[in-house]
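# below is the structure, and that's it, no one-letter string:
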């Protein structure tokens, strides 16, 4: 059987009854992306959270940073792999395939990032992301020194920690409500 | 030796050179709380993140919710205990002591929430928080059924997942940059 | 970067110098499957093992059994997901997509089989497979009773254990030599 | 709610019916410490164990040793943190605060000793204590070499192992009977 | 190669220079048991600890208790199996073989106590011992209720916790100094 | 009580009704070894598997290899120790005792191989076996480099992975059906 049809296991509000700004935001997504991401539909149950989450998401993933958008998506996938988060693996795995133009890279990061051939910079970044996810106490001076050796600045180290943290957040939100990804992601950029 | 004096292990920007809105926000904190929380000072390294983080924080912890502010702080401490996050245990342990008027409750949640005498509702909430933190795959229909049996609505289940997720984020950010709490927290509400 | 080009990290023998029966076997694979599976090429380093492995593989996965071929492939993927084995997830993930005609099922089993909608029989089978893989001591009378309740006969319980065991073997062989899957699997049955 | 009022979850003997030597010991404790430690009251259920435990405790924690009393208390807290033992964290956390005159040190050892600034000697000692507690197989020649490099003699290495072992004992006794600490510890030496 | 010849990896004091009471104690052991147990020789490095340890050992393992001597040895072996302590598995494995007259029982407890056929009482006792060893937080009201259902009194529950705790102590002491058992144990009661 | 009398917890076919080749194979075993190994009797429930398993077993354990038969048995025991497999520890522990003429070596590998004195080659081999068993992702270039440094060729590395993998298979099959070893092994080569 294909993936379950629910958005989450919680009762969803009707789209037509949402506040106007939220309806507007979702329509823009639909126009730009061709779909309303289910994570946003899931958040409509709590409109205040919808607003702060979307702003934070855009800041974390899309704002200026020494980390490229692809690098941030790579972290997203590796964190979600450690946490085995179906929603985020499907959605951000597609993003890695698309941004990298390299479908196999997406698959390796989903399944076991250790087998991928990576630059020293990306290897250090993903090793740090995996360790901080699975053992938060690992985030110590030795770990930061490894990032510095790989060329990351203080601002970039902050951004790595931020992206790692953020997906540890969304992974648990997705697991906790059993969030299903939009089916469209599966075929993107194969 | 007392706790290290740094805010984080990264280079901090000078306070006087920050954007005005950020300086203003910090001054209001100082007036209201008697201190500028180090997590906010830590975020000044990336002004955009300062702005979205503070908005999300206020939404997650202070906005209207079926979960009381104390309950959200209890989740914060239990998640941070699982992740052994010094910053969050010190800051939110103080908050639990203060909001509950019960210093021993704060200590029990920091050290081992299982020994605390809790209502069935709070027990279910904290068991869920611990499990979703330490094994994200545990967030399944059985886990949600236990919350429903304890009386939580769908909106409240969403809020629980959201608070659990959020502190899994901040814990990793704090570990990743070695964030130190304001020393003032240690003596609050003992 | 796409997946590494090596078959394994060990020196491969030349195809043209292999024993005739092995060259013959590989040619038949190529004709039937359109490719020589890299696991077989990897085994050519030790011809005796090539011969016993291929016979065992065919017996475990293709012989008469109360478990359908799809069910055996489902176990293969869930075991390989627990062990995060890139080779087996790519190769047997493709097999699940193909045999089930359900690409999303393949993705769910790779990423987190718990989110899939499964019959009681398949749920019991995969829960057992996951547990026996990650904690071999879990294979006790309670675990067998759950399989029996789900309708499995003694022969089928034996076959489940056998398939679970077999992929715990191949996963470690693949990890130990860093075996890469044939690139063709990635696009099969999407 | 404050911590539960029981000493343990087992039926306690009446104080007035205890053997005279035990009553005497407890009275001396009360005079010297201002309280009868609940661990001793807990042990009155088995008078023979009361006698051998108190002698061993005094030997382990108070006898001549190359390890200072504070160092032994630091080990006690770090072991109890790894095992999340409420009784020992409260009682020995207070001892660290008092002996060190440094309340923050006590909190850091309770919550995450890794964030504390420590001498090389103390860092080596506490790293060994954590590892021997959470993974007993870690106690190998490499681990002993690290202690020797940090300046510990053979007698001191024996004493470290002994203190680590002893609190792995008391932590499990306290967990097993749900022992509650004397409430007085909470406010000591803040 | 047979087991290493050292008693521990620390420098041993000369037997002839030990305090008289300790020399005397060891001679009595030799007469009664036919050997001086290496754990006692190991303790001669710290004479005070020799004295308190031997008293505690006798109290824990040999004093009157609702637990038979065999039951206490069974707990010793199961705890030592969880902690993979070579010294204690060899010495107490021999004791189980001897006291039970059942060499296979000794082997099952060393290797995987779950496969042994046990009375409900012994099963409950050993399940509790394993859990309290590997996850000290497991010692909760549910765990005590299971012991009560199996017929254990409060004094016996205390004794179980005490024996479990004690071997978590000795296991870590033995690992920490790499203690070797007397070779004689290997052939006892086969 | 001695070990349970069953071969497995599944219904065994009658010996006299088995296919002739299988009856013949078992008789040869009995003549050569003095017993019919229970693993073979267990496999008679699925005759096809009996045939492929025995061939693979002979290839893995007895065929020409740069690894001696003793070395392969040592790996078998260390893998089975990590997985706590009673059947394989009893049967292959006996084999190590016999092939090495060193009963204590057998015990050390069963209980904690780390305490054994080993050549650098054997240490590297067993460290790799333990790691690949307990954390399959550990099988990376660093791990293979350690084997190469210890003198292993590519063919031998393949064989090590193969033996490690094979016992991760048999351990799970034995756990899954609760296979009991022939009682004769217990006394062999003590």
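Yep, it's here. Remember, it's a predicted structure, so these values are computed and weren't measured experimentally.
# spit out the contact partners of the closest residue to residue A:154 other than its chain neighbours.
Spatially, and ignoring its direct neighbours in sequence, residue A:154 is nearest to residue B:10 (4.0 Å; CB to CB, 6 or more residues apart in numbering or on different chains). The C-beta positions use only the backbone N, C-alpha and C, and glycine is treated the same way. By CB atoms under 8 Å, 6 or more residues apart in numbering or on different chains, residue B:10 lies in contact with A:154, A:155, A:157, A:158, B:42, B:45, B:177.
# correct me, but the first one touches residue B:11?
Yes: with contacts counted by CB atoms under 8 Å, residue A:154 reaches residue B:11, the gap being 5.0 Å.
# coming back round to it: and the gap between the residue nearest to residue A:154 and chain F?
30 Å (CB to the nearest CB, to the nearest Å).
# re earlier: quick one: which of the contacts of residue B:10 is nearest chain E?
residue B:177 (29.2 Å; CB to the nearest CB).
# could you look up the SS state of the residue lying closest to that closest one once chain neighbours are set aside?
Nearest-residue entry for residue B:177: residue B:8, 3.9 Å, with adjacent residues in sequence omitted and distances by CB to CB, 6+ apart. Secondary structure for residue B:8, judged by DSSP: H, G, I helix; E, B strand; the rest coil, is coil.
# following element in sequence after the strand or helix carrying residue A:96, please.
Assigned by DSSP states H and E, residue A:96 falls within helix A:86-100. Note on helix A:86-100: by DSSP H and E, the next helix or strand toward the C-terminus is helix A:103-111.
# near chain C at all, that following helix?
Yes: using CB under 8 Å from any CB of the partner chain, helix A:103-111 reaches chain C at A:103, A:104, A:105, A:107, A:108, A:110, A:111.
# sort out for me which of the contacts of residue B:10 are in helices.
The members of these that map onto helices under DSSP state H are A:154, A:155, A:157, A:158, B:42, B:177.
# ok, so of those, who is nearest residue E:91?
Using CB to CB, residue B:177 is the member of those that lies nearest residue E:91, at 48.6 Å.
# tell me the residue of chain A that sits nearest chain F?
Nearest to chain F in chain A, going by CB to the nearest CB, is residue A:114, at a distance of 6.0 Å.
# what parts of chain A come near chain F?
Residues of chain A lying near chain F (CB under 8 Å from any CB): A:112, A:114.
# what separates residue A:90 from residue A:37, distance-wise?
According to CB to CB, to the nearest Å, residue A:90 and residue A:37 sit 11 Å apart.
# between the two, which one's more packed in?
It is residue A:90, of residue A:90 and residue A:37, that has more neighbours when counted by other CB atoms under 10 Å in any protein chain shown, with 25 against 20.
# report the contact partners of that one.
Going by CB under 8 Å, 6+ apart, residue A:90 touches A:181, A:185, A:186, C:107, C:111.
# could you dump the residues you listed to a markdown table with pLDDT and neighbour count?
Shown next, in a markdown table, are the contacts of residue A:90 (pLDDT from 0 to 100; neighbours: other CB atoms under 10 Å in any protein chain shown):
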| residue | pLDDT | neighbour count |
| --- | --- | --- |
| A:181 | 98 | 27 |
| A:185 | 98 | 22 |
| A:186 | 97 | 18 |
| C:107 | 98 | 27 |
| C:111 | 98 | 26 |
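# can you name the residue of chain A nearest chain E?
For chain A, CB to the nearest CB, closest residue to chain E: residue A:135, 17.2 Å.
# measure that residue to residue C:147 for me?
Relative to residue C:147, residue A:135 is positioned 34 Å away (CB to CB).
# with neighbour numbers in mind, choose between the two.
A count of neighbours by other CB under 10 Å puts residue C:147 above the other of residue A:135 and residue C:147, at 21 against 12.
# residue C:160 is in contact with the more buried one, correct?
Yes: shown here, residue C:147 and residue C:160 form a contact pair, counting by CB under 8 Å, at 6.9 Å.
# identify the contacts common to these two.
The contact sets of residue C:147 and residue C:160 overlap at C:125, C:128 (CB under 8 Å, 6+ apart).
# okay, residue A:154 and residue B:11: which has more neighbours?
residue A:154 (18 against 9).
# please report the distance of that one from residue D:4.
In this view, residue A:154 and residue D:4 are 46 Å apart by CB to CB.
# OK, contacts around the closest residue to residue A:96 other than its chain neighbours?
Nearest residue to residue A:96, sequence neighbours excluded (CB to CB, 6+ apart): residue A:106, at 4.2 Å. For residue A:106, the contact set (CB under 8 Å, 6+ apart) comprises A:77, A:93, A:94, A:96, A:97, A:100, A:189.
# let's go with 7 Å and repeat that
Counting by CB atoms under 7 Å, 6 or more residues apart in numbering or on different chains, residue A:106 touches A:93, A:96, A:97.
# go on, residue A:169?
Neighbours of residue A:169 in contact, by CB under 7 Å, 6+ apart: B:165, B:166, B:168, B:169.
# equivalent analysis for residue A:9, please.
A:177, A:178, B:141, B:144 are the contacts of residue A:9 under CB under 7 Å, 6+ apart.
# neighbours of the third one, how many?
By the criterion of other CB under 10 Å, residue B:141 has 11 neighbours.
# give me the distance between the residue nearest to residue A:154 and residue D:155.
Separation of residue B:10 from residue D:155 (CB to CB) stands at 42 Å.
# center of chain A - which residue?
Taking CA atoms, centre = their mean, the centroid of chain A lies closest to residue A:76, which sits 4.1 Å from it.
# so that one makes contact with residue A:167?
Yes: contact status for residue A:76 versus residue A:167: in contact at 5.0 Å, counting by CB atoms under 7 Å.
# what do the two both touch?
Joint contacts of residue A:76 and residue A:167 (CB under 7 Å, 6+ apart) are residue A:88.
# what does chain A put close to chain C?
Residues of chain A lying close to chain C (CB under 7 Å from any CB of the partner chain) are A:1-4, A:84, A:86, A:89-90, A:102-105, A:107-108, A:110-112, A:115, A:117, A:178, A:186-187, A:190.
# tilt between the strand or helix carrying residue A:172 and helix A:86-100?
Following DSSP H and E, one finds residue A:172 within helix A:154-177. With axes from the mean of the first three to the mean of the last three CA atoms, to 10 degrees applied, the angle from helix A:154-177 to helix A:86-100 works out at 140 degrees.
# return the distance of helix A:154-177 from the chain's centre.
Computed by CA atoms, centre = their mean, to the nearest Å, the chain-centroid distance of helix A:154-177 equals 8 Å.
# likewise for stretch A:48-68?
11 Å.
# for stretch A:140-152, same thing?
Counting by CA atoms, centre = their mean, stretch A:140-152 is centred 23 Å from the centre of its parent chain.
# also stretch A:58-70?
Stretch A:58-70 sits 12 Å away from the centroid of its parent chain (CA atoms, centre = their mean).
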